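Undergrad: got a sequence here, can you build the structure:
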Amino acid sequence: WVGPARALRYRDAEVQVVPGLTAGPTLADALAHMGAREMPPLPEGLVTCAEGLRAAYAARLSGMGDTGEVPEVPGCTTHFAIIDRAGNMVSHTQTLLSLFGAKMVSPSTGLLMNNGIMWFDPEPGGPNALGPGKACLMNVCPALGSHGEARFALGAAGGRKIVSAVTQLVSFLVDHGLSLGEAFHAPRVDVSGLDAIVVDRLLPEELDAGLSALAPVIRTDRTVLPFAFACASGVMSAGGVRMGCTEPEAPWADTAHEDGETTW
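TA: As a prediction, the model looks like this:
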């Protein structure tokens, strides 16, 4: 994406997302629904997150697509977040979709081509239906935010699970005052559509009553494979400390730090 980010207010925080055919507008929609309500403490606050995500996904699946009103965006997903010693941050998501994408290399650039045509709706007539010259919806959702003295960069890999993870991480940091490490270790739910809500088995079963009023609940473990939740990563600067964190259960996720004057 080349162009200005979309800035939005969520309670007393500011979050910047990528607009267009990404999941940025869906994250903004979810946060808008959540921000209009009181946020209960965790874990009950996850019900409010799930409500916001279901409403946002209903709008995404029924109305988002290349209707000629949004510009085309660039298209196995990788996300990384970087912070330097001056506090500058980058949140970057790149995807090939399937493993090795289209399995073709551009002879002029040496880059693998993605097979993002699979992101189109195969049923004709919808806003995301396949058509000549159209761009398709994509799930990337890098986000930058500030809350008080804290500044953060978040994102994830994991297809349709991405926006659910980023939404909850923003809520953990802003609504519940969790540290970056606490936010990444906190059990989550996944709302990747309208059919079901996937719940981390570490969450109390009493939570199921509120969630099941929205959709059927599926309880699962937060394991390496199959992964029921997106693989998130993020960085933060707060109180003069710069720090990073990645998905605890993912062996392919890692962090690196610079020794010296910078504290990580």
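Undergrad: so how far is Asp29 from Ala36?
TA: Taking Cβ to Cβ, to the nearest Å as the criterion, Ala36 is separated from Asp29 by 11 Å. Quick note: C-beta positions are derived from backbone N, CA and C, even for glycine.
Undergrad: neighbour-wise, which of these two wins?
TA: Using other Cβ atoms under 10 Å, the more surrounded residue of Ala36 and Asp29 is Asp29, with 23 against 8.
Undergrad: where's Val166, which helix or strand?
TA: Under the criterion DSSP states H and E, the helix or strand holding Val166 is helix 162-174.
Undergrad: and if you look at Gln16?
TA: Assignment of secondary structure by DSSP H and E places Gln16 within strand 13-17.
Undergrad: how about that strand: buried residues?
TA: Of the residues in strand 13-17, those scored as buried under the neighbour-count criterion (16 or more other Cβ atoms under 10 Å) are Ala13, Val15, Gln16, Val17.
Undergrad: can you redo those as TSV with pLDDT and distance to Asp121?
TA: Output for these, formatted as TSV (pLDDT from 0 to 100; distance: Cβ to Cβ, whole Å):
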residue	pLDDT	distance to Asp121
Ala13	97	33
Val15	97	28
Gln16	95	28
Val17	94	23
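Undergrad: need those residues in a markdown table (columns: distance to Val140).
TA: Formatted as a markdown table, the entries for the buried residues of strand 13-17 read as follows, by distance: Cβ to Cβ, whole Å:
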| residue | distance to Val140 |
| --- | --- |
| Ala13 | 21 |
| Val15 | 15 |
| Gln16 | 14 |
| Val17 | 10 |
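Undergrad: quick one, helices of the stretch 51-200 of the chain?
TA: Under the criterion DSSP state H, counting those that start in this stretch, the stretch 51-200 of the chain carries helices at the ranges 162-174, 180-185.
Undergrad: so which of those comes closest to Asp84?
TA: Minimum separation from Asp84 across these (Cβ to Cβ) falls at helix 180-185, 16.6 Å.
Undergrad: dump the residue contacts of Leu96.
TA: In this structure, Leu96 makes contact with Cys76, Thr77, Ala102, Leu112, Met113, Asn114, Asn115, judged by Cβ atoms under 8 Å, 6 or more residues apart in numbering.
Undergrad: again, but for Leu42
TA: Counting by Cβ under 8 Å, 6+ apart, Leu42 touches Phe172, His176, Ala186.
Undergrad: tally of neighbours for the last one?
TA: With neighbours defined by other Cβ under 10 Å, the count for Ala186 comes to 19.
Undergrad: hang on, the earlier thing: what about the helix holding Val166, distance to the chain center?
TA: Mean C-alpha position of helix 162-174 versus that of the full chain (Cα atoms, centre = their mean, to the nearest Å) differs by 7 Å.
Undergrad: now Thr246: how far from Met64?
TA: Taking Cβ to Cβ as the measure, Thr246 falls 29 Å from Met64.
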